[in-house]
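Asks: 3D, please:
(chains A, B, C and D)
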There are 2 protein chains.
Amino acid sequence: METVTDNQKDRMAKKLEKMFGHIDYRHPPELCPVRDVMSTASDQWSTLILLWLGYFPVLRFNKLKKFVYGISNKVLSQRLKVLEADGYIVRKAYAEVPIRVEYRLSEFGRSYVERLLELTEWMQQNSPKVLANREKYGLN
Amino acid sequence: METVTDNQKDRMAKKLEKMFGHIDYRHPPELCPVRDVMSTASDQWSTLILLWLGYFPVLRFNKLKKFVYGISNKVLSQRLKVLEADGYIVRKAYAEVPIRVEYRLSEFGRSYVERLLELTEWMQQNSPKVLANREKYGLN
DNA sequence: TTCATAAGGTTACTTTTAGTAACTTACTCT
DNA sequence: AGAGTAAGTTACTAAAAGTAACCTTATGAA
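Replies: Alright, predicted model coming up:
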């Protein structure tokens, strides 16, 4: 990321605001709501975690790890923290031994997952086309 | 990623197939259409590129670079190649000097961007909530 | 005649992020 | 006493992304 002065940012924001009325994903990250939201929750692992939590009302750490096939403890743990901090999921720990921790979507998270599902449905329907394009292009 | 045998993969695929009827984002990457599609086109930079191309029917390299604020030549070039290979965008080069190259969405790409827009609209509408959650959580 | 500029990249190098595998904790069951 | 368990953490390595300089081919200016 380049460094820019606040002045430059202001001018850019105003200019873009004028050009485009209704949606913002074109400012530097610090001034762009869409980029800001994307930066924490739109990576692949987070997406898979959220989708799984959309299927099961509640999942525990190790179960989640099985479903989100291939994720490591470290990354799962990191992503869960961020998703919790941003309010998509809720973590509930029980003082048992061994400890039991439950993760579930918040209302907010559920509303996000609904949109996400539309996207993944598209992906599922269109994946053959992507594969065909890729093959044709030769980059396999 | 762990390494698994084909046999293991088969068994897993069948088991999951049985549990869930209609959507696939839960297999290992090599057998999961959703994960496969996501892996090339759902990163943040690609998303921003596609969204911009959804706004402007045609954009040239340097223009695109200005809009996708903060992207480097290297990454822009890489992402454009992959998006082209997967069939989302079309590249057209003119033998002028200096060379002129135009990028635009394919029909296919446009259909993807339509879904993407629904997601980013949600993000824009809900970004204040995300920020509020983040603040409350204290992870700033 | 040499220099600067232009568009659309590429290359070598550094920094950041992600992945891997071993370890931790605290209690219970054998 | 030793093994097992859930939910992580930690140290280390590999991969990806960011940075800045460079390339090409031609035109127009100094």
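
Asks: from here on, just use CA atoms for contacts and neighbour counts.
Replies: Will do.

Asks: contacts only, for A:W122.
Replies: B:Y112, B:R115 (C-alpha atoms under 8 Å, 6 or more residues apart in numbering or on different chains).

Asks: give me the element it is part of.
Replies: Using DSSP states H and E, A:W122 sits in helix A:107-137.

Asks: next, the angle from that helix to helix B:107-137.
Replies: 150 degrees (axes from the mean of the first three to the mean of the last three C-alpha atoms, to 10 degrees).

Asks: distance from helix A:107-137 to the middle of the chain?
Replies: 14 Å (C-alpha atoms, centre = their mean, to the nearest Å).

Asks: what average pLDDT does it get?
Replies: On average, the pLDDT along helix A:107-137 is 93.

Asks: what residues sit buried inside it?
Replies: A:109-110, A:112-113, A:115-117, A:119-124, A:126-127, A:130-131, A:133-134 (16 or more other C-alpha atoms under 10 Å in any protein chain shown).

Asks: how about the helix or strand harbouring A:T40 against chain B, any contact?
Replies: Per DSSP H and E, A:T40 falls inside helix A:33-41. Yes. Counting by C-alpha under 8 Å from any C-alpha of the partner chain, chain B has neighbours in helix A:33-41: A:P33, A:V34, A:R35, A:D36, A:V37, A:M38, A:S39.

Asks: so which of those residues comes closest to DNA strand C?
Replies: A:S39 (9.3 Å; C-alpha to the nearest atom of the strand).

Asks: interface residues of chain A facing DNA strand C?
Replies: Proximity of chain A to DNA strand C, by C-alpha under 7 Å from any atom of the strand, involves residues A:D43, A:G70, A:I71, A:S72, A:N73, A:K74, A:V75, A:V97, A:P98.

Asks: go with 10 Å
Replies: With C-alpha under 10 Å from any atom of the strand as the criterion, chain A meets DNA strand C at residues A:1, A:39-40, A:42-46, A:70-76, A:78-79, A:95-99.

Asks: among those residues, name the buried ones.
Replies: In the residues of chain A next to DNA strand C, burial by neighbour count holds for A:S42, A:D43, A:W45, A:S46, A:I71, A:L76, A:R79, counting by 16+ other C-alpha under 10 Å.

Asks: quick one: contacts for A:Y94?
Replies: By C-alpha under 8 Å, 6+ apart, the residues touching A:Y94 are A:R100, A:V101.
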